[in-house]
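Enquirer: Kindly generate the corresponding structure for this input.
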Amino acid sequence: MTAEPWKSDKWFSSPWNYLPEVTADFNFPDEVTIHDVTLRDGEQQAGVEFTADDKVRIAEALAGAGVHRIEAGLPAVSPADREAIERMVALDLPTEIYAFSRCMVPDVELALDTGVKGVVMEVPASHHLIEKAYKWPVEKAIEASVEATKHAHENGLEVTFFPIDATRSTMTQLLDDLEAVATNGHVDKIALVDTFGVTSPHAIRYYTQRVKARLDVPLETHFHMDFGMGVANSILAVAEGASVIHTTVSGIGERAGNAPTEETVLALLTMYGIDTGIKTEKFTEIARLVADLSGVTQPANRPITGEKLYNVESGIIATWVNNVGDDLLEPFPFRPELVGQADPEIVLGKGSGLDSVAIWLGKHGIYDAETKEIEAILVEVKGKSLAKKGLLDDDEFLDIVREVLPDKVS
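Expert: Residues are numbered from 1 along each chain as shown. Take a look at the predicted model:
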């Protein structure tokens, strides 16, 4: 392993990430905690229904990968959710189990009954949402928050206060309301919540700085992906001192989903030198488990865990992979084993090149084909791939080889 943080034996990122001009204003905490919300916010994706058994399986996988905290669900949703949370607590997993709760004393009581360590307590933050969506006076939201957070604390729960739609509030109103709850109720941590994913990375820095300056309380991030900003926003908030990041496996969640665990953790590791302690080699296995149990199909080229991420069709890239041997950090930013992926595979399609065909011929024991013969095979490969609008399999490739090289294939 080299001494440079941007290049190890497992990844090769940009050295620019670590220039003093880039890092001068960073204020990262000593430790970054991953708070997984797959089992609560992830399940809010339309059509996702986890059984109690599903939730326990996912929790065991997450704990096995070293995820620090798991938000196991909202006990008030159903008896199945309460059962799942109780079973997770009883397993004594090497992770902290939290429940989600509305700022209502009955919800807190249900959370207490499950035996969780902490509770994430939600309340609408933007006054327009309180008045239009909830049909409440603003005072009711503040009073409910004070009463419920105090009750949770007095009964031994760690309290993360979770103001819904905070980023569409005015900053003065938000800070005043947060201070009222922190002063008259109780908060151990405050979640910076971008419910609709509508905040730019630049504004997230401002948001984090202002809350941090007003309230001496540890901060967590909960950012959505409606405009694809969740990962960047999470990292920028942590660079301003937030210490807990809410993520979901593969970014599943309400609407466009949440900041995905895989991209967030790997970006911190490779671009910022921050090791969360998560076992990244478990990422692909867990992503496929969640995909299977949730029924959510992920793109084949999804970052980190896509099933075809290490398939190479382009002739140029196939040549690179062939030439570099085991030095895979030339054609890829990180090695496949870092995230539990299989080794790269040269595949055949319309974009393939001469080296691609030569590699496939070698797979079938043919090493003496002449250049013109390889060129002829490539023409047929491209045509067949375009006609089927897909990659060729071994049988289709060998059919072509038989036509071009009838003496070399039985």
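Enquirer: okay, CA-based contacts and neighbour counts for the rest of this
Expert: OK.
Enquirer: which SS class is Glu147?
Expert: Assigned by DSSP: H, G, I helix; E, B strand; the rest coil, the conformation of Glu147 is helix.
Enquirer: Val321 contacts Pro331, correct?
Expert: Yes - using CA atoms under 8 Å, Val321 makes contact with Pro331 at a distance of 6.4 Å.
Enquirer: ok, those two, which is more surrounded?
Expert: Val321 (21 against 15; other CA atoms under 10 Å).
Enquirer: Provide a list of residues in contact with the more buried one.
Expert: By CA atoms under 8 Å, 6 or more residues apart in numbering, Val321 lies in contact with Leu328, Pro331.
Enquirer: Check which helix or strand it maps to.
Expert: Using DSSP states H and E, Val321 maps to helix 315-324.
Enquirer: Render the CA-only coordinates of that helix in CSV, please.
Expert: The C-alpha trace of helix 315-324 is given here as CSV (Å, rounded to 0.1, in the frame of the first residue of the first chain):
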residue,chain,number,x,y,z
GLY,A,315,-13.0,-2.5,-27.1
ILE,A,316,-10.7,0.3,-25.8
ILE,A,317,-11.4,-0.6,-22.1
ALA,A,318,-11.1,-4.3,-22.8
THR,A,319,-7.6,-3.6,-24.2
TRP,A,320,-6.7,-1.7,-21.0
VAL,A,321,-8.0,-4.5,-18.8
ASN,A,322,-6.1,-7.1,-20.9
ASN,A,323,-2.8,-5.0,-20.8
VAL,A,324,-2.7,-4.1,-17.1
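Enquirer: next helix or strand past it?
Expert: Next element after helix 315-324 (DSSP H and E): strand 345-346.
Enquirer: Listing partners with orientation, what would you give for that next one?
Expert: If you go by DSSP bridges, strand 345-346 pairs up with strand 311-312 (parallel).
Enquirer: neighbouring contacts of the partner strand?
Expert: By CA under 8 Å, 6+ apart, strand 311-312 touches Ala318, Pro344, Glu345, Ile346, Val347.
Enquirer: Can you select the buried ones among the residues you listed for me in PyMOL?
Expert: Filtering the contacts of strand 311-312 down to the buried ones (16 or more other CA atoms under 10 Å) takes a single PyMOL command:
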select buried, resi 318+344+346+347
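Enquirer: quick check, nearest of the contacts of strand 311-312 to Leu93?
Expert: Using CA to CA, Pro344 comes nearest to Leu93 of the contacts of strand 311-312, at 34.5 Å.
Enquirer: residues contacting the nearest residue to that closest one once chain neighbours are set aside?
Expert: Distance criterion CA to CA, 6 or more residues apart in numbering; nearest residue to Pro344, sequence neighbours excluded, is Tyr310 at 4.6 Å. For Tyr310, the contact set (CA under 8 Å, 6+ apart) comprises Pro336, Gln341, Ala342, Asp343, Pro344, Glu345.
Enquirer: which residues does the third one contact?
Expert: When the contact criterion is CA under 8 Å, 6+ apart, the partners of Ala342 are Tyr310, Pro336.
Enquirer: sorry, back to before: of the contacts of strand 311-312, closest to Tyr207?
Expert: Pro344 (41.7 Å).
Enquirer: Look up how far Ile317 lies from that closest one.
Expert: The gap separating Pro344 from Ile317 is 11 Å, by CA to CA, to the nearest Å.
Enquirer: Need the overlap of contacts for the two.
Expert: Listed contacts common to Pro344 and Ile317 are nil; contacts here mean CA under 8 Å, 6+ apart.
Enquirer: if we can go back for a sec, how close does the residue nearest to Pro344 sit to Asp343?
Expert: Relative to Asp343, Tyr310 is positioned 7 Å away (criterion: CA to CA).
Enquirer: intersection of neighbour lists for these two?
Expert: With CA under 8 Å, 6+ apart, Tyr310 and Asp343 have common neighbours Pro336.
Enquirer: Poorly predicted segments of the stretch 1-150 of the chain, please.
Expert: Counting by pLDDT under 70, the stretch 1-150 of the chain shows low-confidence ranges at 1-3.
Enquirer: Which stretches in it count as strands?
Expert: 33-36, 69-71, 96-102, 118-124 (DSSP state E, counting those that start in this stretch).
Enquirer: coming back round to it: give me the distance from the helix holding Val321 to the chain's centre.
Expert: Distance of helix 315-324 from the chain centroid (CA atoms, centre = their mean, to the nearest Å) equals 30 Å.
Enquirer: One more: stretch 117-127?
Expert: Centroid displacement of stretch 117-127 relative to its chain, using CA atoms, centre = their mean, is 22 Å.
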